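1. Sequence and predicted model, in that order:
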Amino acid sequence: MMASESQNWVFMVTAQTPTNIAVIKYWGKRDETLILPINDSISVTLDPSHLCTTTTAAVSPAFHQDRMWLNGKEISLSGGRFQSCLREIRARACDVEDETKGIKITKEDWGKLHVHIASYNNFPTAAGLASSAAGFACLAYALGKLMNVKEDESQLSAIARQGSGSACRSLFGGFVKWIMGKEDNGSDSLAVQLTDEKHWDDLVIVIAVVSSRQKETSSTTGMRESVETSLLLQHRAKEIVPKRILQMEEAIKNRDFASFSQLTCADSNQFHAVCLDTCPPIFYMNDTSHRIISIVEKWNRSEEAPQVAYTFDAGPNAVLIARNRNAATSLIQRLLYYFPPNSDDLSRF
Ligand SMILES: Nc1ncnc2c1ncn2[C@@H]1O[C@H](COP(=O)(O)OP(=O)(O)OP(=O)(O)O)[C@@H](O)[C@H]1O
Ligand SMILES: C[C@@](O)(CCOP(=O)(O)OP(=O)(O)O)CC(=O)O
């Protein structure tokens with residue numbers, strides 16, 4: 001089976017993947033198991049040195065079951081999502097040879113070996129900052145490297161998607177589109193890069209962590225309830241998003257910040273309107289989130305051109321995209337003025 005007779009070897013790889021923030025949101029599935037969305041979405045991938053996941057995947061004949069640790073704590077792998085990613089990667093595994101260690105793992109061996117995975121997020125988990133996106137993208141990438149799969153990033157994205165929908169967009173840098181696809185088996189539901197990270201490098205992303213508490217309604221549960229109860233969601237997916245996707249692609253291509261910011265803010269607000277239109281309603285934003293929106297709206301209106309776009313995922317934390325470094329500096333000064341450190345006093349706003 002293995003060139004190495006010893007049971008003591010461990011072969012491991014480490015990968016790092018940034019999170020991504022949607023500017024046209026994914027909210028709603030047409031297939032819960034395969035994680036197939038009801039609309040296309042577009043995101044921007046953050047700089048890997050900031051919000052990111054680091055995952056080490058290891059294999060050894062000494063491992064007797066697949067195990068995973070998230071932020072230092074062992075987690076259950078009984079859920080289907082981890083198993084789907086692992087199964088899809090195992091099915092594509094190739095021979096691995098490490099001559100220095102005298103290790104040879106054949107394609108067939110992978111079906112019998114178990115993996116241990118340790119993953120760390122350097123930012124709050126399950127707080128609406130897309131930890132599942134960085135997490136499952138990194139998992140698919142690390143397992144792919146470990147098992148020497150030959151798939152390209154788009155094909156890997158379709159595997160990461162089965163861990164968490166938004167994860168498929170984190171396999172690329174820059175602006176990324178998740179094409180919803182039409183096939184029932186999900187083979188055409190994958191991510192493609194629209195532009196790389198250099199295309200629009202004036203943009204500066206500032207994240208205002210309003211709360212790092214774990215949210216009450218997960219994205220998975222929230223979007224299921226929206227699909228079941230919100231008429232606005234159906235209208236959004238059919239009538240609004242297809243047009244917005246085209247407009248957003250154009251705005252990104254032309255580095256047109258006025259259109260980009262208008263579309264980003266409108267889409268975030270519509271996503272939260274869908275949450276309110278869900279029965280029972282879901283409240284992801286809080287008073288501080290609403291105040292941040294008002295500050296940005298007021299500021300943008302007082303300038304000749306918009307300075308900052310805001311977007312909120314399934315939580316109260318604000319993702320603010322400034323048109324350039326000057327706007328980002330001014331934004332941070334404003335945030336510190338309205339929300340002084342160590343003070344709850346928001347009354348000056
Ligand atoms: N590094 C990781 N590796 C594997 N799975 C992870 C990792 N980080 C988070 N997850 C999974 O993602 C879940 C959190 O996903 P959830 O969608 O609820 O929150 P979020 O991704 O932080 O926020 P949102 O997607 O709404 O912006 C965790 O409970 C865990 O199952
Ligand atoms: C609001 C969002 O961040 C929702 C992300 O939802 P998830 O990708 O976390 O959901 P699952 O596919 O059920 O794992 C919008 C987005 O990222 O497009």
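-> Now that the structure is in, tell me what you want to look at. Ligands and ions are numbered 1, 2, ... in the order given.
2. tell me the SS of the residue sitting nearest the centre point of the chain?
-> Centroid-nearest residue in the chain, with C-alpha atoms, centre = their mean: residue 133, separated by 2.9 Å. Secondary structure, DSSP: H, G, I helix; E, B strand; the rest coil: residue 133 is helix.
3. Would you confirm that it contacts residue 161?
-> No - counting by C-beta atoms under 8 Å, residue 133 sits too far from residue 161 to count as a contact (10.3 Å). C-beta coordinates here come from the backbone N, C-alpha and C atoms, glycine included.
4. What ranges does the stretch 151-300 of the chain have for its helices?
-> Assigned helices in the stretch 151-300 of the chain, in chain order: 153-160, 219-229, 231-235, 241-253, 257-276, 287-302 (criterion: DSSP state H, counting those that start in this stretch).
5. Deepest in the core, which of the ones you listed is it.
-> helix 153-160 (a mean of 23; mean count of other C-beta atoms under 10 Å).
6. Please name the strands paired to whichever strand or helix holds residue 120 in the sheet, noting orientation.
-> Per DSSP states H and E: residue 120 is located in strand 114-121. Using DSSP bridges, the strands paired with strand 114-121 in its sheet are strand 52-60 (antiparallel), strand 67-70 (parallel).
7. can you tell me how far whichever residue of the chain sits closest to ligand 1 sits from residue 18?
-> Going by C-beta to the nearest ligand atom, ligand 1 is nearest to residue 135 of the chain, at 2.4 Å. Distance, residue 135 to residue 18, by C-beta to C-beta, to the nearest Å: 11 Å.
8. And for residue 102?
-> From residue 102 to residue 18 the distance is 35 Å (C-beta to C-beta).
9. cool, and residue 321?
-> 15 Å.
10. Residue 302 now?
-> 33 Å.
11. Show me which residues of the stretch 51-200 of the chain are close to ligand 1?
-> Listed as neighbours of ligand 1 in the stretch 51-200 of the chain under the rule C-beta under 6 Å from any ligand atom: 53, 70, 119, 121, 125-133, 135-136, 139, 166.
12. how about 5 Å then?
-> Selection of the stretch 51-200 of the chain residues close to ligand 1 by C-beta under 5 Å from any ligand atom yields 53, 119, 125-126, 128, 130-132, 135.
13. what's the answer for the stretch 201-349 of the chain, then?
-> Residues of the stretch 201-349 of the chain lying near ligand 1 (C-beta under 5 Å from any ligand atom): 218-219, 313-314.
14. Which of the residues you listed ranks first by neighbour count?
-> residue 314 (27 neighbours; other C-beta atoms under 10 Å).
15. what about stretch 8-18, distance to the chain center?
-> Mean-position distance between stretch 8-18 and its chain equals 21 Å (C-alpha atoms, centre = their mean, to the nearest Å).
16. before we move on, what about stretch 174-191?
-> On C-alpha atoms, centre = their mean, the centre of stretch 174-191 falls 14 Å from that of its chain.
17. re earlier: between residue 135 and residue 18, point out the one with more neighbours.
-> Higher neighbour count among residue 135 and residue 18: residue 135, with 25 against 21, using other C-beta under 10 Å.
18. Just give me the neighbour total for the closest residue in space to that one that isn't next to it in sequence.
-> Distances taken as C-beta to C-beta, 6 or more residues apart in numbering place residue 53 nearest to residue 135, at 5.1 Å, with adjacent residues excluded. Neighbourhood size, residue 53 [other C-beta under 10 Å]: 31.
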